[in-house]
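Here is a sequence together with a model predicted from it:
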Amino acid sequence: MPSVDPHLDRARRLAGLSPRRRTDDQPTSPFWEFDREVWGTLAQSTPLPLKQRDIERLRGLGDRIDLDEVAQVYLPLSRLLNLYVSARQSKHELAREFFSPLHEAGLEPQNATRTPFVIGVAGSVAVGKSTTARVLRELMARWPDTPRVELITTDGFLYPNAELERRGLTGRKGFPESYDRRRLLQFISAVKSGSEEVRAPVYSHHTYDIVPGAEVVVRSPDVLIVEGLNVLQPARPRSDGTVGLAISDYFDFSVYVDARSRDIRQWYITRFLALKHGAFQDPDSYFHRYSKLSDEEAVTLSSEIWDSINFPNLRENVLPSRGRADLVLHKSADHTIRKVQLRKL
């Protein structure tokens, strides 16, 4: 008997799904898995608020995101996140109702107002997580109940180069130990505690260092997006054997941008070449000396940097955190998203 819902039939055909129930010998997973086209059907009735010029402004160097991908992947994701934000608001209202007897007695908990919804975005160097974070910020800000959306990157919490050199970590930049994790935790904790104003340091990719005296000010946003390599890492044991908090403990939702390591390696090399002919040409750039390399020399150098620094960090620290994400975006070799995995509720 055919389904009464033609959209469900179409989604099943696209996903290769059978209408039969899963049998016990089929593999189980904590995630639901969707092909890109099937995932895109989840927001068919939602207008796309972005134009081509917006995509060109938001996408990172080497990323091939276009309007079709935004409509099929990011628009449904923003809709899902909007529903999660609304659900948390309902939960907050229930809590206020629960505390109403204390309110009448003047004993209501302090700072009982709604706190920001925090989204973490993780993934390797050169995988496109910055583009993902920027597109999500743009889309989330278009929903009427979340007009104030802020984005910070954990690059601002890297130790300054002088401190990295003092600690012997110059060659470990981007590894977990190269970040001021205490300061980052204090920042996220303050945001999640409802502080009216929280400040974060600023990192410059141009000078490859923290900008002295510069700050990003976050003022009670509806949504805060935190993007970085290691934001999904679990807390590390302390010297006394206890375990503290992790950044991800403050997240309401998290996204991991995934791809095969050999593809990311090629994207990194391609991006390095583009920077050699672009930003590295600026005499004030930290990497200006690389602009004098031949393309062959640049490929050799970028390959060495990837193999000695970025890939070990991906293998040891970033990739193992993928399973902790609420949603995983899987990319193909051409940089386009081919599959979405969403953690089951």
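Nice, I can see it.

So which residues of the chain form helices?
6-15, 36-40, 52-58, 67-69, 75-98, 100-104, 129-140, 161-166, 181-192, 261-276, 295-305, 311-313 (DSSP state H).

Tell me which of those lies nearest to G123.
helix 129-140 (3.8 Å; Cβ to Cβ). In short, each C-beta sits where N, CA and C put it, glycine included.

now that closest one: how far from the chain's centre is it?
Distance, stretch centre to chain centre, for helix 129-140: 8 Å (Cα atoms, centre = their mean, to the nearest Å).

can you give me the angle it makes with helix 75-98?
Calculated by axes from the mean of the first three to the mean of the last three Cα atoms, to 10 degrees, helix 129-140 forms an angle of 60 degrees with helix 75-98.

what's helix 129-140 in contact with?
If you take Cβ atoms under 8 Å, 6 or more residues apart in numbering as the criterion, helix 129-140 is touched by 49-50, 54-55, 58-60, 63, 65, 70, 74-75, 77-78, 81-82, 119, 121-123, 146, 149-151, 153, 223, 225, 227, 255, 257, 329.

So what's the model's average confidence on it?
Average pLDDT, helix 129-140: 96.

again with stretch 61-74
91.

Give me the contact list for it.
Contacts of stretch 61-74 (Cβ under 8 Å, 6+ apart): 36-37, 39-40, 43, 48, 50-52, 55, 58-59, 126, 128, 131-132, 135-136, 139, 267, 270-271, 274-275, 278, 329, 334-337, 340.

how many other residues sit next to the nearest residue to A298 once chain neighbours are set aside?
Of all residues not flanking A298 in the chain, K276 sits nearest, at 5.0 Å (Cβ to Cβ, 6 or more residues apart in numbering). Counted with other Cβ atoms under 10 Å, the neighbours of K276 add up to 22.

so where's the longest strand in this protein?
In the chain, with assignment by DSSP state E, the single longest strand is strand 209-218.

what angle sits between that one and helix 181-192?
20 degrees.

Just the C-alpha atoms of strand 209-218, please, in PDB.
Provided in PDB are the C-alpha atoms of strand 209-218 (Å, rounded to 0.1, in the frame of the first residue of the first chain):
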ATOM      1  CA  ASP A 209      49.700  36.600  16.700                       C
ATOM      2  CA  ILE A 210      47.400  38.000  19.400                       C
ATOM      3  CA  VAL A 211      46.700  41.700  18.800                       C
ATOM      4  CA  PRO A 212      47.800  43.600  21.900                       C
ATOM      5  CA  GLY A 213      45.000  45.500  23.600                       C
ATOM      6  CA  ALA A 214      42.300  44.400  21.000                       C
ATOM      7  CA  GLU A 215      39.100  42.800  22.300                       C
ATOM      8  CA  VAL A 216      35.900  41.400  21.000                       C
ATOM      9  CA  VAL A 217      32.900  42.400  23.200                       C
ATOM     10  CA  VAL A 218      30.000  40.000  23.500                       C
END
